[in-house]
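Chemist: Curious how this folds, go ahead:
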Amino acid sequence: MAGLASLDFAAPLAALLLPLPLLAARFLPPRPGGSGALAVPASLVAGLDRGGPLTVGVRGRAALTWLLWVALVAALAGPRLVLPGAALPASGRDIVLALDLSGSMERIDFSLDGRTSSRLAAVKRVGADFIRRRTGDRVGLVIFADQADVAAAPTFDTKAVARALEEAQIGLVGRSTGIGDGLGLALKRLQTLPGPSKVVVLLSDGANNAGQTTPRDVAVLARELGIRVHTIALGPRDLADANGEQDVVDSDALRDVAATSGGRFFRVRTTDDLAGVADSIDALEGGRDRAPPVPLRRDLWPWPGAVALLSALALLLTRRAA
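Modeler: The predicted structure is shown next:
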């Protein structure tokens, strides 16, 4: 019945060894005197071959010998208890979050729990929750500013990636905005992974002003590699409407990256917007089924092994007492 534990054996063919003492007693030639060869115990051979009367001591040693042999064979067969495992949601997707960690992410123009907060704090809260929801996917984290770095290599341990996001600090990779380099590093990490579906979620609150590559060129590479890039433009004002202001996000560039790679572009101005975008991307990259459960096996061979050891000790004691 599904959901119940069952018994199986790692090496069931070991059971073929059970009749070995009988075969040895029947077909092997008598042991020459003084030989150091392995022999079937005389008490067992006497009882099995001649069928003569046995004393209580001889019968006991014969029983212990058989118990020792059966327990050894049982241990060699590797009995184990198979326990049903839980089926986890799985989609087979490889996802890398590329996060802008430039100095502008310190600006306090978002809110959390009714209080004003920095952009980074809001991204940490919403992003960590999104990552933890991706159980069954391989998720990684890239941070970028003056330079790009892998904060968490792609892994199925989504809790570890979420912790890496929560521990990210501005200044680790500089304070400028190298969108192209951040996206390029994310593609590099995804390129070698075996998953059939690969996605980058790129979030920035600025315009590309650092690094060696342009977002447009890297977006073309993403398209060639078959990697979709969903982009999130964070912040209250767009570069196209800057009027000389410095704290602006280049929404047009991020929209172009998404369109070129086959992804979606999202505009975020508030924490609620960000939470809605996380839900939308989670739905876009959904379609998760229940993966086949992985059975858990608990080895039972130490039990017959212990019986064999105790039987051997008992035989040794009876031999010394005889």
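Chemist: residue ranges for the helices of the stretch 51-200 of the chain, please.
Modeler: Taking DSSP state H, counting those that start in this stretch as the criterion, the stretch 51-200 of the chain contains helices spanning 56-77, 119-133, 158-166, 179-191.
Chemist: Quickly compare these and say which is most buried.
Modeler: Of these, the one with the most neighbours on average (mean count of other Cβ atoms under 10 Å) is helix 179-191, at a mean of 24. Yep, even glycine has a C-beta here, placed from its N, CA and C like the rest.
Chemist: so what does that helix touch, helix or strand wise?
Modeler: strand 93-100, strand 138-144, strand 148-155, strand 197-204, helix 215-225, helix 251-261 (3 or more Cβ pairs under 8 Å, 6 or more residues apart in numbering; DSSP states H and E).
Chemist: could you measure residue 14 against residue 208, distance?
Modeler: 65 Å (Cβ to Cβ, to the nearest Å).
Chemist: Residue 74 against residue 302, yeah?
Modeler: No: with contacts counted by Cβ atoms under 8 Å, residue 74 stays clear of residue 302, the gap being 11.1 Å.
Chemist: partner residues bridging residue 93?
Modeler: Note on residue 93: beta-bridge partners by DSSP bridges are residue 197.
Chemist: In this structure it contacts residue 200, no?
Modeler: No: the pair residue 93 / residue 200 is not scored as a contact, 11.4 Å apart, by Cβ under 8 Å.
Chemist: how far is stretch 4-17 from where the chain is centred?
Modeler: In terms of Cα atoms, centre = their mean, to the nearest Å, the centre of stretch 4-17 is set 28 Å apart from its chain centre.
Chemist: List the buried residues of it.
Modeler: 9, 14 (16 or more other Cβ atoms under 10 Å).
Chemist: For the stretch 201-322 of the chain, give me the ranges with low pLDDT.
Modeler: Applying pLDDT under 70 to the stretch 201-322 of the chain picks out residues 244, 287-295, 320-322.
Chemist: All the helices of it, residue numbers only.
Modeler: Along the stretch 201-322 of the chain, counting by DSSP H, counting those that start in this stretch, helices occupy 215-225, 251-261, 271-284, 302-321.
Chemist: so who does the residue lying closest to residue 253 once chain neighbours are set aside touch?
Modeler: In space, residue 253 comes closest to residue 215 once its chain neighbours are excluded; the distance is 5.3 Å by Cβ to Cβ, 6 or more residues apart in numbering. When the contact criterion is Cβ atoms under 8 Å, 6 or more residues apart in numbering, the partners of residue 215 are 179, 180, 183, 208, 253, 254, 256, 257.
Chemist: What's the separation between residue 215 and residue 139?
Modeler: Going from residue 215 to residue 139 by Cβ to Cβ gives 22 Å.
Chemist: how close does the closest residue in space to residue 252 that isn't next to it in sequence get to residue 254?
Modeler: Closest residue in space to residue 252, ignoring its immediate chain neighbours: residue 240 at 6.0 Å, by Cβ to Cβ, 6+ apart. For residue 240, the distance to residue 254 equals 12 Å [Cβ to Cβ].
Chemist: What of residue 94?
Modeler: Counting by Cβ to Cβ - residue 94 and residue 254 are separated by 21 Å.
Chemist: Settle it for me: which of those two has more neighbours?
Modeler: Taking neighbours as other Cβ atoms under 10 Å, residue 94 and residue 254 compare with residue 254 leading, 28 against 23.
Chemist: Surely that one and residue 265 touch.
Modeler: Yes: in this structure, residue 254 is within contact of residue 265 by Cβ under 8 Å, at 6.1 Å.
Chemist: what touches both of the two?
Modeler: Taking Cβ under 8 Å, 6+ apart as the criterion, residue 254 and residue 265 both touch 231, 233.
Chemist: OK, contacts around the residue nearest to residue 130 when sequence neighbours are not counted?
Modeler: Spatial nearest neighbour of residue 130, excluding adjacent residues (Cβ to Cβ, 6+ apart): residue 278 at 4.3 Å. By Cβ under 8 Å, 6+ apart, the residues touching residue 278 are 126, 127, 129, 130.
Chemist: try residue 150
Modeler: Taking Cβ under 8 Å, 6+ apart, we find residue 150 in contact with 140, 141, 142, 185, 189.
Chemist: returning to that earlier point: any chance of the helices and strands packed on helix 179-191 in a markdown table, plus distance to residue 312?
Modeler: Shown next, in a markdown table, are those (distance: least, Cβ to Cβ, whole Å):
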| stretch | distance to residue 312 |
| --- | --- |
| strand 93-100 | 54 |
| strand 138-144 | 50 |
| strand 148-155 | 47 |
| strand 197-204 | 57 |
| helix 215-225 | 63 |
| helix 251-261 | 68 |
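Chemist: For residue 236, which of those is the nearest?
Modeler: Of all those, the one in closest proximity to residue 236, counting by Cβ to Cβ, is helix 251-261 (11.5 Å).
Chemist: Tell me the buried residues in the closest one?
Modeler: Buried residues in helix 251-261, defined by neighbour count with 16+ other Cβ under 10 Å: 251, 253, 254, 255, 256, 257, 258, 260, 261.
Chemist: Over to stretch 274-289?
Modeler: Buried, per 16+ other Cβ under 10 Å, within stretch 274-289: 274, 275, 277, 278, 281, 285, 288.
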